[in-house]
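Engineer: Below are the sequence and a predicted model for it; my questions follow.
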Amino acid sequence: MTKKLNKISLNYGGIKISLSKSKTDAAVQYLPGTKKTSGKKANRDAVAAPPIEGFEVVRSKRGIDQKLDQLRARPDVAVGTHVWNFDGEDDTPFVPTGNLYVEFDPKASAEKQREVLESLHLNIKEIVGTGAYRVSVTPASPNPIRCAMDLQKNKLVRVAEPELATLPAPRAFIQPSGQFVSTQWHLENTGQSIPAIDVPNSVYAASHFKAGADAKVRAAWNHLQSLGSPNIRIAVIDTGFALDHPQLRGDGTKIRNPFNAATRTADVSPYIMLSDGTFQVYSHGTSCAAVAAGALDNQGVLGAAPLSRIIPIKLDVLSDEAIRNAFEHAALNGADVISCSLGYPKPVPLSTYITNYIRQVAASGRGGKGLPIFFAAGNANPASNNQPRPISDFAAHPSVICITASNSLDQRSDYSFYGDNTHNCAPTNGNAGVGITTATVDLDARGQSLLLTYTSGFGGTSSATPLAAGVCALMLSANPNLTLDDVRRILRQSADKIGSGYDGNGHSPYYGFGRINALRAVQAANAMKTGGMTGSNTGAGSGAGAAALRGRVVSKFLNVRSGPGTTFAKVAELKQGDLVNLLEKVSTFWRIGAGQFVSADFVQILQSAPSAPVSTPKGRVNNSFLNVRSGPGVNFPKVGELKMGDVVPVLETTTDGWMRIGDGKWVLGKFVQMV
């Protein structure tokens, strides 16, 4: 008796996959011209879904094998088959249609090929090429899954894959929704009135808003077609966190490696005990973490990078050892971005020890690519007589990215500290503007338990900074290979110039290089994957055919557009002196990278010098065979095949591990070892 298959492994699309037989679902195909018996009895188990390749999915909570046998015995049923799920995912049924794709070893003779197919009673549907066939099972054949397994064991067969049908999933990104989505004006500011989350029936009037005075985060999500990547980790250094808040808890996997820098424990609770023995709660850290990467909740409240992980680091004392512990923990636990909205109460300098340590972390983090560290400029407070002053301590460190504040009207927030080290500003509260809607925490009336709530009044550079850090996480989601210099350059070139007072380099002590623009920053990060901006040299191209012509920007700034004309969208900005590769002249514009064009009127062509040969990385196939696809995914057609030991050029690598080895030729990188 043939052993039943409930869980199997198969080679499919060049990789090993696991399939599990559904315990509740099966599929049936009716004979042509027959009409399914009407009535509740016949169809009560049918799943309310469109048919899959002519198969109707039926469900039985118990005894699916018995149910399938009953269906197969019906006179109007042509085929009955089990439904399979990929890797135990039981929410998407895959139906074996009865067809298979088979490729034989080139050494197998036509007679041997025929013998193999006839041994399983398979019928040839299509001759795809020499030794390659689409075949179908017959009533005398084993089921198609069993056929594929038997064929894959045969030394004469190189590929044997069952055709698995399922319904397509729409790939269109759906923007988050909820009652208070519109309240988060810093993500998208429509210029309209919005409700307050913490004051029932209260509305902020439209006079507090200016359309477009935001960080363009929702537009960035739309460009990414996602809310970021769970592979990106943001370390938030602050005074404590309410990890049970829905914004921080998320699906239970958001929080990673919590750490108390003073006690070197995992206690990052927001409690603080006063001298009289009573407790208070610091809400600051919970709000900062939520602005950066708060999970989408049922009210529609979320952070700038909702899918990113959070490393919460409690720093409630400023000593050299505690500060070192905080940054060391972030770096050692895989932080991709650090956000800190703390500082000294007085304008004191950092110790030489901490200055050097932060420089080291920024330079060596992320495996040597550099670790972006965002610091809040600081706000006017009683310690400084309520007068804004030049930035100091952490925010003045040359290795960090200092963030100041702008408001919901695109004005400077007067309380914000300022200075030469200001890199960018980001939307928050201030002046006639409105605060940020995010998570907060408080004590209950008895002073014993935490109240996990929300506020529409968070603000200061404390809020602007994690917002900028969240935007950086989106950039790294688009292109995880960005260096620290890349991040700084993109933030500088993609920012919106608001207000006035910029110098010849496009810098303001109050706004930095301008207000953060997440959309253009993500677009620029994406462009760099395909030969866009790299370092101060834009448009490096890919592969070995880099351009010979070079140019220098001669204007104070130069807009980079998505096409050859001023009607195309601005995707980045260059400054005077930047060098670019001139890849192609299109009308009066130069193409300097993929989807990047600049006006030729503001670029001086430089004398081209003989360039050194470009060394293309190579890789060696480490699997018995490797399918070559026309695009980066198993859904693209197979266009070739490599064997173990083959050496190929590696021209490009995607974020999900596919390598381009030639024009229209892609392979799965896990089976290629760099040499």
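Structural biologist: Sure thing, it's come through.
Engineer: so where's the stretch 201-350 of the chain shaky on pLDDT?
Structural biologist: Scanning the stretch 201-350 of the chain for pLDDT under 70 picks out 277.
Engineer: can you pull out the helices in it?
Structural biologist: Applying DSSP state H, counting those that start in this stretch to the stretch 201-350 of the chain gives helices spanning 217-224, 246-249, 284-293, 320-332.
Engineer: can you list the ones you listed in JSON lines and add mean neighbour count?
Structural biologist: For glycine as for every other residue, the C-beta is placed from the backbone atoms N, C-alpha and C. Output for the helices of the stretch 201-350 of the chain, formatted as JSON lines (neighbours: other CB atoms under 10 Å):
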{"stretch": "helix 217-224", "mean neighbour count": "22"}
{"stretch": "helix 246-249", "mean neighbour count": "21"}
{"stretch": "helix 284-293", "mean neighbour count": "30"}
{"stretch": "helix 320-332", "mean neighbour count": "19"}
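Engineer: Between the ones you listed, which one is closest to residue 424.
Structural biologist: Across these, residue 424 has its closest neighbour in helix 217-224 (14.1 Å, CB to CB).
Engineer: Make a markdown table from the helices of the stretch 201-350 of the chain and add distance to residue 125 to it.
Structural biologist: As requested, these are exported to a markdown table (distance: least, CB to CB, whole Å):
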| stretch | distance to residue 125 |
| --- | --- |
| helix 217-224 | 41 |
| helix 246-249 | 52 |
| helix 284-293 | 51 |
| helix 320-332 | 57 |
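Engineer: what packs against the helix or strand harbouring residue 528?
Structural biologist: In this structure, residue 528 sits in helix 518-529 according to DSSP states H and E. The criterion is 3 or more CB pairs under 8 Å, 6 or more residues apart in numbering; DSSP states H and E, and the helices and strands that helix 518-529 contacts are helix 217-224, helix 461-478, helix 484-494, strand 570-575.
Engineer: Out of the helices of the stretch 201-350 of the chain, which is closest to residue 108?
Structural biologist: With CB to CB, the closest approach to residue 108 among the helices of the stretch 201-350 of the chain belongs to helix 217-224: 46.6 Å.
Engineer: what's the angle from that closest one to helix 461-478?
Structural biologist: Taking axes from the mean of the first three to the mean of the last three CA atoms, to 10 degrees, helix 217-224 and helix 461-478 form an angle of 10 degrees between their directions.
Engineer: Could you list every helix and strand in contact with helix 217-224?
Structural biologist: helix 461-478, helix 518-529.
Engineer: Show me which strand runs longest in this structure.
Structural biologist: strand 15-30 (DSSP state E).
Engineer: Give me the sheet partners of that one and which way each runs.
Structural biologist: In the sheet, strand 15-30 lines up against strand 7-12 (antiparallel), strand 56-59 (antiparallel), strand 77-86 (antiparallel) (DSSP bridges).
Engineer: and the next element down the chain from the shortest one?
Structural biologist: Proceeding C-terminally, strand 56-59 gives way to helix 64-72 as the next helix or strand, assigned by DSSP H and E.
Engineer: go on, the longest one?
Structural biologist: Beyond strand 77-86 in the direction of the C-terminus, DSSP H and E gives the next helix or strand as strand 95-104.
Engineer: What average pLDDT does that next one get?
Structural biologist: Taken as a whole, strand 95-104 carries a mean pLDDT of 94.
Engineer: Listing partners with orientation, what would you give for it?
Structural biologist: Sheet pairing here is set by DSSP bridges, and for strand 95-104 it gives strand 132-136 (antiparallel), strand 157-165 (antiparallel).
Engineer: For the shortest one, buried residues please.
Structural biologist: Neighbour-count burial for strand 132-136, with 16 or more other CB atoms under 10 Å as criterion, is recorded at 132, 133, 135, 136.
Engineer: Show me the beta-bridge partners of the second one.
Structural biologist: So that's residue 133. Beta-bridge pairing of residue 133 under DSSP bridges involves residue 102, residue 127.
Engineer: Take the strands paired with strand 95-104 and lay them out in a markdown table including distance to residue 475 and mean pLDDT.
Structural biologist: Listed next are the strands paired with strand 95-104 as a markdown table, based on distance: least, CB to CB, whole Å; pLDDT from 0 to 100:
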| stretch | distance to residue 475 | mean pLDDT |
| --- | --- | --- |
| strand 132-136 | 43 | 94 |
| strand 157-165 | 36 | 93 |
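Engineer: can you put those in JSON lines and add distance to residue 457?
Structural biologist: Below are the strands paired with strand 95-104 laid out as JSON lines (distance: least, CB to CB, whole Å):
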{"stretch": "strand 132-136", "distance to residue 457": "64"}
{"stretch": "strand 157-165", "distance to residue 457": "53"}
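Engineer: Quick one, which of these gets closest to residue 86.
Structural biologist: strand 157-165 (8.6 Å).
Engineer: just the CA coordinates of that closest one, formatted as CSV?
Structural biologist: Backbone C-alpha positions of strand 157-165 (Å, rounded to 0.1, in the frame of the first residue of the first chain) are rendered in CSV as follows:
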residue,chain,number,x,y,z
VAL,A,157,15.8,13.9,-14.8
ARG,A,158,17.2,17.4,-14.1
VAL,A,159,13.9,19.2,-13.4
ALA,A,160,10.5,17.8,-12.4
GLU,A,161,8.0,20.3,-11.1
PRO,A,162,4.2,19.9,-10.5
GLU,A,163,2.0,22.8,-11.8
LEU,A,164,0.5,24.4,-8.7
ALA,A,165,-2.3,26.8,-9.2
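Engineer: quick revisit: list just the nearest of the buried residues of strand 132-136 to residue 114.
Structural biologist: For those, the minimum distance to residue 114 (CB to CB) is 10.3 Å, reached by residue 133.
Engineer: I'd say that closest one and residue 114 touch.
Structural biologist: No - taking contacts as CB atoms under 8 Å, residue 133 lies outside contact range of residue 114: 10.3 Å.
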